[in-house]
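[1] Here is the input, now give the coordinates:
(one chain, ligands or ions: 2)
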Amino acid sequence: MHLSNIITLAHLRTPTLYKVSCRRSFLRVACLCCSDLSCVVVRKSDNRTTLSSLSIMFSSTRCSFLVIFPLTYLLIPPSQLATSRFAPFPVISNSGLGGCGRVCDARRQRSSPMKVVCMTPPSRSSDRNGSVVLETPLKELKKDSPVTDVDDNSTSAGGPQDVYGEDRATEDQFVTPWSVSVASGYTLLRDPHFNKGLAFSENERDAHYLRGLLPPTVIPQETQVKKMIQHVRQYQVPLQKYMAMMDLQERNERLFYKLLIEHVEELLPIVYTPTVGEACQKYGSIFMRPQGLYISLKEKGKIREVLRNWPEKNIQVIVVTDGERILGLGDLGCQGMGIPVGKLSLYTALGGVRPSACLPITIDVGTNNEKLLNDELYIGLKQRRATGQEYAELLHEFMTAVKQTYGEKVLIQFEDFANHNAFDLLEKYRSTHLVFNDDIQGTASVVLAGLVAALKLVGGNLADHRFLFLGAGEAGTGIAELIALETSKQTNAPLEEVRKNIWLVDSKGLIVSSRKDSLQHFKKPWAHEHEPVNNLLDAVNQIKPTVLIGTSGQGRTFTKEVIEAMASINKKPIILSLSNPTSQSECTAEEAYKWSQGRAIFASGSPFPPVEYDGKVFVPGQSNNAYIFPGFGLGLIMSGTIRVHDDLLLAASEALAAQVGQENFDKGLIYPPFTNIRKISAHIAANVAAKAYELGLATRLPQPKDLVKFAESCMYTPSYRTYR
Ligand SMILES: O=C([O-])CC(=O)C(=O)O
Ligand SMILES: [Mg+2]
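    Ligands and ions are numbered 1, 2, ... in the order given. Next up, the predicted model:
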């Protein structure tokens, strides 16, 4: 077990319950902050340990921090532990504490930027349960040696202080480079989780050894936000803005999220679609520091170990890609990492999931992108994609390892997998894991919400409309199925019947029954009786849709003729051009409004600026799954939901549609603005959780009375904490 896995830090002076991360029933609690050590063994129940009683025992010490060691760390059997109650713990020398030997003032009550690090994991072996027990060199801890034996100033080699046996090490002995430290001084300034830059107060500068490491001025976070937005705005090129934002995320996480939340409309297109697409394309050359976890074919058989290498243990959401279909840009291999990183930034900024609970993962099984294979700066495996059994085995090991490591309730969001794998993975794991495919299900949910809102502008029910899709992949068939499901619920008509109002065109033309035998399985439900039609324009003229939806990944495919045909059939044609990024959008907002003489109700996957046509300003909506997945995920997490059911997607959709106000409709909008996204996410989360409780899928009991308030109370806010 990795050291950071087994140590939980707690503040002694807060007499409450502490959640501890290990699964053993005995813990040894020791103070590592000062040499004035005490030590107790506590019994933990229900994964919580009462520390209130400990404050009495520690009141004689001057120290305000505890480190809790689970049993495995000390290698003492429970029987022995039970009898060695209050047995002392060997002192770890101040030098071993990396500056933590300073006595902390117990009277100060606030949070502390403390961390425990193991430079490399010690050698380990698996016990029967698959958990790992430390072997050496901690074996050399003299577990029976009383604290009173210890001479704090002793420097003699192999003395009581020499708990790691380092002084006696010779070249042929293995030594583990441990370091246990409070983040302070220079290290604190370079830790993005704790760094506050010039916002460190005078007191904090004194208490955390920051004097002289910062210029003398102290500024509040609000001023830092103002400064940073000016900094980002000075760049003309979106990719430069992206890099400035990533740089900030690496430097000062809370400032990054505060900036993103407060300027969400402006910065979403930078940290997310469309700029993130360009960042993925150029990832090799802009790559500075790794973000997220890379699991390649080289890690086959070792995925649990790879997961353990991630510094955070309490993971709630994983976004994973294999990079084969990044937005509409195709196979970007390992460089697809920008997508999970971007999606998870939105989980935090838009949905309020703690950054430390988010884990971006890229699975690298190679790439079929020749350009990348020949690029010396390519960061991934330089081989063609593994497929078939080899692919399935790696993915299965990954799915199993995730559940073993993080439990049943971790949400795994599949992102930007190619069609065949996306459908197969969702099908295979939906009954055993908490999985969600953003491109199939998230996109479907956001589009359904937009359509339900659009009905207020065009009239009628879903059943009165006729839908035509260009693109019959994940998004196209996912949206089609959710529309059919909702229509069937509203009308009580069988699913097969309502599907007949929904038509799809793929690269070979309209999907019709005569093509059924050669169709991929996910297209078959849409093969209706009709003569073959081999292009979109003819399909529009023959099917006469009221709604045209682009999910083709092909830019400029809604031509002037196509839009004009839609406008000649409908008074208010609904046109959704969903492919991302902007270059792949089926048409631009300007084209949609101009070619329909300002009559189109238009939304797109990537953002477009407002358009002036015939003296009127049209504000295009953004039909992007970013409206759904952060709130949807929050709803699952806060209710402890263990499986995703289609009704949860409908619940998310319904909640989003309900957030479109009259002032939005008046502007022709079918989505609310992103400025209110955290409020919107809280409503989505509440509706999703309510449905999960109704379906018996939620495990967090009892159900909170007011789910919207509960969702809001669960949300992370990026304001700075005050350090004691
Ligand atoms: O990332 C986005 O903007 C939406 C999405 O999931 C995709 O296009 O694959
Ligand atoms: Mg996607």
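
[2] List phi and psi for the closest residue to ligand 2 within the stretch 101-250 of the chain.
    Per Cβ to the ion, Y242 is where the stretch 101-250 of the chain lies closest to ligand 2, at 17.4 Å. For glycine as for every other residue, the C-beta is placed from the backbone atoms N, C-alpha and C. Here the main-chain torsion angles of Y242 (degrees, to the nearest 10) amount to phi -60, psi -50.

[3] Distance check, it against ligand 1.
    Between Y242 and ligand 1 the distance is 14 Å, computed by Cβ to the nearest ligand atom, to the nearest Å.

[4] For that residue, which non-adjacent residue is spatially closest?
    When the adjacent residues along the chain are set aside, Y242 lies closest to T275, with 4.8 Å between them (Cβ to Cβ, 6 or more residues apart in numbering).

[5] Verify the stated contact: L451 with V547.
    Yes - counting by Cβ atoms under 8 Å, L451 does reach V547; the two are 6.8 Å apart.

[6] Overlap in contacts, those two.
    Common neighbours of L451 and V547, counting by Cβ atoms under 8 Å, 6 or more residues apart in numbering, are 465, 574.

[7] buried ones in stretch 594-604?
    594-596, 598-604 (16 or more other Cβ atoms under 10 Å).

[8] cool, stretch 428-442 as well?
    Neighbour counts over stretch 428-442 (16+ other Cβ under 10 Å) mark 429-430, 433-442 as buried.

[9] and Q240, what element?
    Mapping Q240 onto the secondary structure by DSSP states H and E places it in helix 238-251.

[10] Hmm, I typed the wrong one, I wanted F602.
    Following DSSP H and E, the helix or strand that holds F602 is strand 601-604.

[11] Which neighbouring elements make contact with that strand?
    helix 443-458, strand 574-577, helix 589-595, strand 621-622 (3 or more Cβ pairs under 8 Å, 6 or more residues apart in numbering; DSSP states H and E).

[12] For the residue of the stretch 101-250 of the chain closest to ligand 2, give me its contacts.
    When contacts are counted by Cβ under 8 Å, 6+ apart, Y242 touches 270-271, 275-276, 278-279.

[13] out of these, which are inside helices?
    Counting by DSSP state H, the part of the contacts of Y242 found in helices is 270-271, 275-276, 278-279.

[14] how close does the residue sitting nearest the centre point of the chain get to G292?
    In the chain, the C-alpha nearest the mean C-alpha coordinate belongs to L344, at 3.1 Å (Cα atoms, centre = their mean). Between L344 and G292 the computed distance is 8 Å (Cβ to Cβ, to the nearest Å).

[15] Now the common contact residues for these two.
    Common neighbours of L344 and G292 (criterion: Cβ under 8 Å, 6+ apart): 359-360.

[16] still on that earlier bit, check what contacts the strand holding F602 and list those residues.
    By Cβ under 8 Å, 6+ apart, the list of residues contacting strand 601-604 reads 450, 454, 457-458, 572-578, 585, 588-589, 592-593, 618, 620-623, 668, 670-671.

[17] The helix or strand following that strand - contacts with which helices or strands?
    Note on strand 601-604: by DSSP H and E, the next helix or strand toward the C-terminus is strand 611-613. The elements that strand 611-613 packs onto, with contact taken as 3+ Cβ pairs under 8 Å, 6+ apart, are helix 589-595, strand 616-618.

[18] how about 7 Å then?
    helix 589-595 (3 or more Cβ pairs under 7 Å, 6 or more residues apart in numbering; DSSP states H and E).

[19] picking up where we left off before, okay, the contacts of Y242 in CSV with distance to G351 next?
    Below are the contacts of Y242 laid out as CSV (distance: Cβ to Cβ, whole Å):
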residue, distance to G351
I270, 18
V271, 14
T275, 20
V276, 17
E278, 25
A279, 21
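
[20] related to what we said a few turns ago, and the residue of the stretch 101-250 of the chain closest to ligand 2, how far from A527?
    Computed with Cβ to Cβ, the distance linking Y242 and A527 is 42 Å.

[21] Which secondary structure element is home to L656?
    Applying DSSP H and E as the criterion places L656 in helix 646-658.

[22] Next, the angle from that helix to helix 443-458.
    If you take axes from the mean of the first three to the mean of the last three Cα atoms, to 10 degrees, helix 646-658 sits at 40 degrees to helix 443-458.

[23] quick one: contacts of the helix or strand just after helix 646-658?
    Per DSSP H and E, the first helix or strand lying C-terminal to helix 646-658 is helix 662-666. In this structure, residues lying in contact with helix 662-666 by Cβ atoms under 7 Å, 6 or more residues apart in numbering are 456-457, 672.

[24] Let's see if you can find the most crowded of the residues you listed.
    Using other Cβ atoms under 10 Å as the neighbour test, these are led by P672, with 22 neighbours.

[25] got the contact list for that residue?
    With Cβ under 7 Å, 6+ apart as the criterion, the residues that contact P672 are 659-661, 664, 680.

[26] which SS class is the closest residue to ligand 1 within the chain?
    Shortest the chain-to-ligand 1 distance, computed as Cβ to the nearest ligand atom: residue-wise this is T273, at 3.2 Å. Reducing the assignment to helix, strand or coil with DSSP: H, G, I helix; E, B strand; the rest coil, the entry for T273 is coil.

[27] quick one: it and S623 touch, right?
    No - the pair T273 / S623 is not scored as a contact, 11.5 Å apart, by Cβ atoms under 7 Å.
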